[in-house]
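In: take this sequence and fold it.
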Amino acid sequence: MAQYPTRRPTDRDHRPDEAAADLPAELTTIPWIDIHNHAHTLSWNDREKFALSGCHSMVMMAAAYYWTPYKPVGPEDVRYLWDDALARLGPIRDAHPFDASLGIGIHTGARVENYEELLDVMPEYCELDEVSAVGEIGITESQHVSGWDLDGQKDVTRRQLAIAADHDLLAILHTPADLRDVEFPDRVHGSIPGYEVDASLGTEPVLTGENPKREAIEIDVGLATEAGLPEERMVLSHADKTVAPYVLEHTDCQLSFTVSYPWLLGVEPHHVAEVVAEYGPERILVETDSAGILRSDVFAFKRTVFELYRMGLDVETIRQVVYENPRELLG
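Out: Model (predicted):
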């Protein structure tokens, strides 16, 4: 044991050398890809945090229901968001040393009227080099302010999945949040929410099963089959342990865990590690879903890298989950 020239004994004098941590330096240099975020709505400083913590690339979802000014949403609202994201993309690429691309889609978080107008022009957007995915799309349990019946959601989702298939693009699918096991603290003087959407304006759910997230996924997978999109080209976002067995045992879809706001989704790095340990890393991804309206932590992705190692995954497995898997999907 090493002898220290301190005047009084320290902890090291009582600790065997083999007890010292032997952390691999590679943990600090693993690149990562964020397959799903809304980083174009963040500040310059927040986007710099992506670069500082090792982000190699990201896919920014160009439209989301909470950014549209009116409810119900019109085609011009969604089209504006697509165009705004395209306009921001060039300066973002110029200012930060990571690659960035866009997901173009019609989100079902609020009803979009006359959405056929968007479907008519969507193929032109999908031909752009800047667009790497159709998303985020998919069946949603309930909407914000303006409800969308299940048949309408199925139609717009199926037709977008067909566009993804026609252009050989990934489809990135929002899956409804399962908040049943998330513990929220009691509020004495009301709530200061972590997001800037009025949750009290939610509409009646159109999915009424025991697990709406799984129900939505099963519908999405069926729609992809109808649309001719291979399951392996589907990324199911906002994953959790309740749907992992179904997805990884009965489909070929990719499963992406949102780790930047556990206060809402209840998903922590150890959940990712447990799924990888049981099913392997081949179809597991990690995402931030960071957006300007939501209290989320950009550094959570890098912290997840460290935590996956603490939970027992080796460096190569971690690298596959956070970098190799999304890199292969995005080409």
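
In: what about the strands in this protein?
Out: Residue ranges of the strands in the chain, as given by DSSP state E, are 32-37, 55-61, 99-104, 131-137, 170-173, 234-236, 254-258, 284-287.

In: any chance of CSV for those strands, columns distance to residue 329?
Out: Where C-beta positions appear, they are placed from N, C-alpha and C, glycine not excepted. Below are the strands of the chain laid out as CSV (distance: least, C-beta to C-beta, whole Å):
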stretch, distance to residue 329
strand 32-37, 7
strand 55-61, 10
strand 99-104, 12
strand 131-137, 9
strand 170-173, 6
strand 234-236, 7
strand 254-258, 7
strand 284-287, 8
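
In: so which of those strands is nearest residue 326?
Out: Of all these, strand 32-37 sits nearest to residue 326, with 3.9 Å by C-beta to C-beta.

In: any chance you could list what contacts that closest one?
Out: 50, 54-61, 103, 135-136, 172, 235, 237, 256, 258, 285-291, 301-302, 305, 322-323, 326-327, 329-330 (C-beta atoms under 8 Å, 6 or more residues apart in numbering).

In: give me that answer again for 6 Å
Out: 54-60, 172, 235, 237, 256, 285, 287-290, 301, 322-323, 326-327 (C-beta atoms under 6 Å, 6 or more residues apart in numbering).

In: just stretch 58-73 next, same as before
Out: When contacts are defined by C-beta under 6 Å, 6+ apart, stretch 58-73 is touched by residues 34-35, 37-40, 77-78, 81-82, 85, 100-104, 107, 109-113, 132-133, 135-136, 144-146, 197, 293.

In: for residue 29, give me phi and psi.
Out: Note on residue 29: its backbone torsions stand at phi -120, psi 0 [degrees, to the nearest 10].

In: burial measure for it, as a count.
Out: Residue 29 sits with 10 neighbouring residues when counted by other C-beta atoms under 10 Å.

In: for it, which non-adjacent residue is closest in space?
Out: The shortest distance from residue 29 to any non-neighbouring residue, by C-beta to C-beta, 6 or more residues apart in numbering, is to residue 54 (7.2 Å).

In: out of the strands of the chain, which is closest to residue 3?
Out: Closest to residue 3 of those is strand 32-37 (C-beta to C-beta; 41.8 Å).

In: how many degrees apart are the closest one and strand 99-104 in direction?
Out: Using axes from the mean of the first three to the mean of the last three C-alpha atoms, to 10 degrees, the direction of strand 32-37 lies 20 degrees away from that of strand 99-104.

In: now residue 149, nearest residue through space, not along the chain?
Out: Excluding the flanking residues, the one nearest residue 149 by C-beta to C-beta, 6+ apart is residue 206, at 6.3 Å.

In: does that neighbour touch residue 148 like I think?
Out: No: Residue 206 is beyond contact range of residue 148, at 7.6 Å (criterion: C-beta atoms under 6 Å).

In: now tabulate the strands of the chain in a markdown table and tack on mean pLDDT.
Out: What follows is the strands of the chain, written out as a markdown table (pLDDT from 0 to 100):
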| stretch | mean pLDDT |
| --- | --- |
| strand 32-37 | 98 |
| strand 55-61 | 98 |
| strand 99-104 | 98 |
| strand 131-137 | 98 |
| strand 170-173 | 98 |
| strand 234-236 | 98 |
| strand 254-258 | 98 |
| strand 284-287 | 98 |
